[in-house]
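Participant: Predicted model, plus sequence, below.
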Amino acid sequence: NQNGQGSETGHLTLLAKDCTGYTNLCRLITAAHAAGERNAPRLDPSLLPSHAGGLIVLSGCPQGELSRLVVNSRFEEAKRLVQRYLDWFGTENYYIELQHNLAPGDTARNRHLIALARETGARLVATGNVHYHDRSRHRLQDCLVAIKHCTSLEESHRQRRPNSEYYLRPVAELAELFRGCPEALENTIDIAERCTFDLTGERLYTFPD
């Protein structure tokens, strides 16, 4: 994701609710690859309003624009950013994303994001930033990251995750992590139920048998 001025980049999550959303998502992905460099797609957010139909938007991980604004205490800018997405997608389709992987800064960032949601009327959703299904696989993930960047384990600290907490957590663990904001967990179910698009059942393509 790249902002309109091109001064900052950040991650953003777009989910297709239905066939219209999938069509818009495909067009946005094509635009991002056309504008970016090889293996580094970039999407100009000014394209989002005209392709908002059928999409649910999550504000992104700690590398998202909203999280970085909050971490840098740029709260007025963060508020304007949330309002922009609410205007583009509607209150029912934009969620401020909370992640807690027991990494430095997670608690403070989530506290500010929750306060921002309360102030702007945006919804909250808890996500996991999962990079491996089981905690025991974190060392394999570290190796894969080092390979991706053509470097050694010792030299890939900046690219690797800060701990072994980026696994697929059981519901009980998630409930404990987000016990101060239960609606963020409840909204994960709401989003899942609203995303009814099925690539194999929409007859968009003729797949070989």
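Facilitator: In hand now; what should we look at?

Participant: hey, let's count contacts and neighbours off CA atoms from now on
Facilitator: Will do.

Participant: does Ile147 belong to a helix or a strand, and which?
Facilitator: For Ile147, the host element (DSSP states H and E) is helix 138-148.

Participant: Would you mark the buried spots in stretch 69-77?
Facilitator: Judged by neighbour count (16 or more other CA atoms under 10 Å), stretch 69-77 contains these buried residues: 69-71, 75.

Participant: let me fix that: stretch 115-127
Facilitator: For stretch 115-127, the buried set under the neighbour-count rule, 16+ other CA under 10 Å, comprises 116-117, 122-127.

Participant: cool, stretch 48-58 as well?
Facilitator: Of the residues in stretch 48-58, those scored as buried under the neighbour-count criterion (16+ other CA under 10 Å) are 48, 51-58.

Participant: Mind checking which of those are in strands?
Facilitator: Secondary-structure check on those using DSSP state E: residues within strands are 55-58.

Participant: For Leu204, state which of these is nearest.
Facilitator: When those are ranked by distance to Leu204 (CA to CA), Leu55 comes first, at 17.5 Å.

Participant: Test my guess that that closest one contacts Leu14.
Facilitator: Yes: counting by CA atoms under 8 Å, Leu55 sits close enough to Leu14 to count as a contact (6.4 Å).

Participant: hey, what's in contact with both of the two?
Facilitator: Taking CA atoms under 8 Å, 6 or more residues apart in numbering as the contact definition, Leu55 and Leu14 share the neighbouring residues Leu25.

Participant: name the element Glu76 belongs to?
Facilitator: helix 75-89.

Participant: Count the neighbours of the nearest residue to His100 once chain neighbours are set aside for me.
Facilitator: Here the nearest residue to His100 in space, its sequence neighbours aside, is Asp106; by CA to CA, 6 or more residues apart in numbering that works out to 5.6 Å. Neighbourhood size, Asp106 [other CA atoms under 10 Å]: 15.

Participant: Now do the strands in the chain.
Facilitator: When assigned using DSSP E, the strands of the chain occupy the ranges 13-16, 55-58, 94-99, 123-127.

Participant: wait, which of those strands is closest to Thr200?
Facilitator: With respect to Thr200, and counting by CA to CA, the nearest of the strands of the chain is strand 13-16 at 14.1 Å.

Participant: buried set for that closest one?
Facilitator: Burial within strand 13-16, assessed by neighbour count using 16+ other CA under 10 Å, is assigned to 14-16.

Participant: contact partners of the longest helix along the chain?
Facilitator: Longest helix of the chain, by residue count under DSSP state H: helix 19-35. Contact with helix 19-35 is made by 14-16, 39-44, 47-48, 51-55, 197, 202, as judged by CA under 8 Å, 6+ apart.

Participant: need the contact list for the residue nearest to the spatial centre of the chain.
Facilitator: Centre of the chain computed as the mean C-alpha position; nearest residue by CA atoms, centre = their mean is Gly60, 3.1 Å away. Taking CA under 8 Å, 6+ apart as the criterion, Gly60 is in contact with 10-13, 66-67, 96-97.

Participant: which among the residues you listed end up buried?
Facilitator: Those of those that meet the buried threshold are 10-12, 66-67, 96-97, by 16+ other CA under 10 Å.
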